[in-house]
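J.: Turn this into a structure:
(one chain, ligands or ions: 1)
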Amino acid sequence: MDKILIRGGAPLEGTIKISGAKNAALPLMAACLLSDKPLILKNIPDLSDITSMTELLTQLGVGITLERNTDQQIMSLDAQNISSTTAPYEVVRKMRASVLVLGPLVARVGEAHVSLPGGCTIGVRPIDLHLKGLEALGAVITLADGYVHASAPHGLTGASFSFPVVSVTGTENLLMAATLAQGQTRLINAAREPEIADLANCLNEMGAKISGIGTDTLIIEGVKSLRGTTHHVIPDRIEAGTFAMAAAMTGGKLRLIGAELGHIPTVASLLEQAGVSLEQTKDSLIVTAPLGRLQGVDAMTEPFPGFATDLQAQWMALMSLAEGASMITETIWENRFMHVPELCRMGANITVHGASALVRGMKTLKGAPVMATDLRASVSLILAGLVATGETSISRVYHLDRGYERIEEKLRACGADIERVR
Ligand code: UD1
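T.: Sure, this is the predicted structure:
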């Protein structure tokens, strides 16, 4: 199994191009199911989650081609003939975002059978709100043999649905379903993540009638059919935030091409409080580490525009080196502190109290063999390894390949001593 070896200590200096956002690309790919005309997506990242979604859509009968040129991948998806409406356990188990085919399938062909995702390492991750929302739109939902069966043979009907808890993929599923429902749908307390706006903009380019984009109330006037379009996937704000923290921790300076401050408003403000300088230019974000030590700053994860939970593990690695203590509170996922024991193996001083972790900053971290437990936890160990004295070896790095495109290459080009061994 692959491992990543890092010899820490080098400040990161240089330029990194931020890839297309995984969490925007996945729902955009699922959106192809809403139309019998081709959807072309530019700036698709080269990640294993994208491969999983490609496999799933292919099983449903979607014709997919991927063109790679020097600086991006362009995917063409043609869902003219949907031959299956089942998302099997083998795929959903690997990638929970597979549930995103549920709304589009019911809306376009009147039925869908999607395996229940089951538990996962960072929390229970239920999909009850996806199902309640579809029921509100008139779908009949039954659960049998570990599968959700959704049916709406005469189509969906617009309705008002209020999310009791903000859900990103829940909002995306209902947004897609509502585009083809009869009449008006109002999604209240909808997620406001930039990936939702990207999806809504693409759906509008396909002929949907969505307003309220970027707010917590999305209003969708259903249409009879959607057409094809060509859409450019937004840059990955989680990758951008991760590299911003890498620059800050290593005492370096990085230019992140494509990164947008507006996509990470709270993280940006906390980084500035910690002493990091951030400068937005026309096409890049320039991140400069403080001259002295980083300062401890408290953070609490929240739905957008709050602090993204997908940057919590990386922030913890950063705070492990800050001057003073900081409290990190996780409000989205109940089991998202699995990186703590691994960071502690590297000399971090972290104590977990329920949903909060108290991080007492240390002057240095020390290289150690550590194990990745999930996607964002793995990258927090990379960040720690980049500053630790000596060598860090990270095992189970397949988690990393789900969400970070060519990360060793990108970091190595900026001076990191990092390699993948097979
Ligand atoms: C998405 C992201 C993931 C990120 C998360 C939170 C994708 C593909 N994944 O995941 O990287 O960590 O948002 O920003 O975009 N909940 C329910 N019932 C539901 C759905 C969710 O109770 O039906 C709860 C969850 O348990 C969790 C919270 O709502 O506590 C947020 O979950 P949600 O926003 O749905 O996460 P995902 O969309 O799965």
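J.: quick one: contacts for Leu174?
T.: If you count contacts by C-beta atoms under 8 Å, 6 or more residues apart in numbering, Leu174 has them with 103, 130, 133-134, 137, 161, 185, 187. Where C-beta positions appear, they are placed from N, C-alpha and C, glycine not excepted.
J.: Please identify which helix or strand holds it.
T.: helix 168-179 (DSSP states H and E).
J.: if we look at the ligand, which of the contacts of Leu174 are close to it?
T.: His130 (C-beta under 6 Å from any ligand atom).
J.: Between the contacts of Leu174, identify the one with the most neighbours.
T.: Within the contacts of Leu174, neighbour counts (other C-beta atoms under 10 Å) peak at Gly103, which reaches 33 neighbours.
J.: part of a helix, is that one?
T.: Yes. Counting by DSSP: H, G, I helix; E, B strand; the rest coil, Gly103 is part of a helix.
J.: Surely Ala31 touches Lys37?
T.: No. Using C-beta atoms under 8 Å, Ala31 makes no contact with Lys37, being 11.9 Å away.
J.: higher neighbour count, these two?
T.: When Ala31 and Lys37 are compared for neighbours, Ala31 comes out ahead with 29 against 16, by other C-beta under 10 Å.
J.: Now do the more buried one against Val233, distance only.
T.: Shown here: Ala31 relative to Val233, a distance of 12 Å by C-beta to C-beta, to the nearest Å.
J.: any idea which helix or strand carries His130?
T.: According to DSSP H and E, His130 maps onto helix 128-136.
J.: now that helix: mean pLDDT?
T.: The average pLDDT within helix 128-136 is 97.
J.: Run the angle between that helix and helix 168-179 for me.
T.: 10 degrees (axes from the mean of the first three to the mean of the last three C-alpha atoms, to 10 degrees).
J.: what element comes up after helix 128-136 heading to the C-terminus?
T.: Past helix 128-136, the next helix or strand by DSSP H and E is strand 140-144.
J.: can you map out the helices along the stretch 101-250 of the chain?
T.: 102-109, 128-136, 168-179, 194-205, 237-250 (DSSP state H, counting those that start in this stretch).
J.: Present those helices as CSV; the columns should include distance to Thr15.
T.: Shown next, in CSV, are the helices of the stretch 101-250 of the chain (distance: least, C-beta to C-beta, whole Å):
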stretch, distance to Thr15
helix 102-109, 37
helix 128-136, 40
helix 168-179, 30
helix 194-205, 22
helix 237-250, 10
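J.: Could you single out the nearest of the contacts of Leu174 to the ligand?
T.: Closest approach to the ligand among these (C-beta to the nearest ligand atom): His130, at 5.2 Å.
J.: Pretty sure that closest one sits against Ser167.
T.: Yes. The pair His130 and Ser167 passes the contact test of C-beta under 8 Å, sitting 7.5 Å apart.
J.: Could you pick out the residues of this protein near the ligand for me?
T.: Neighbours of the ligand within the chain, by C-beta under 6 Å from any ligand atom: 23, 26, 97, 123-130, 165, 167-170, 309-310, 332.
J.: are any of these buried, and which?
T.: Neighbour counting by 16 or more other C-beta atoms under 10 Å classes 23, 26, 97, 127, 129-130, 167-170, 309-310, 332 among the residues of the chain next to the ligand as buried.
J.: buried stuff in stretch 13-26?
T.: By neighbour count on 16+ other C-beta under 10 Å, the buried set for stretch 13-26 is 14, 16-26.
J.: and of these, the nearest to the ligand?
T.: Comparing the buried residues of stretch 13-26 against the ligand with C-beta to the nearest ligand atom places Asn23 closest, at 3.6 Å.
J.: got a list of what the most far-flung residue of the chain relative to its centre touches?
T.: In terms of distance from the mean C-alpha position of the chain, His154 ranks first, at 33.8 Å (C-alpha atoms, centre = their mean). His154 is in contact with Gly110, counting by C-beta under 8 Å, 6+ apart.
J.: so Lys209 makes contact with Lys224?
T.: No. Between Lys209 and Lys224 there is no contact under C-beta under 8 Å: 11.3 Å.
J.: These two: which is more packed in?
T.: Lys209 (14 against 8).
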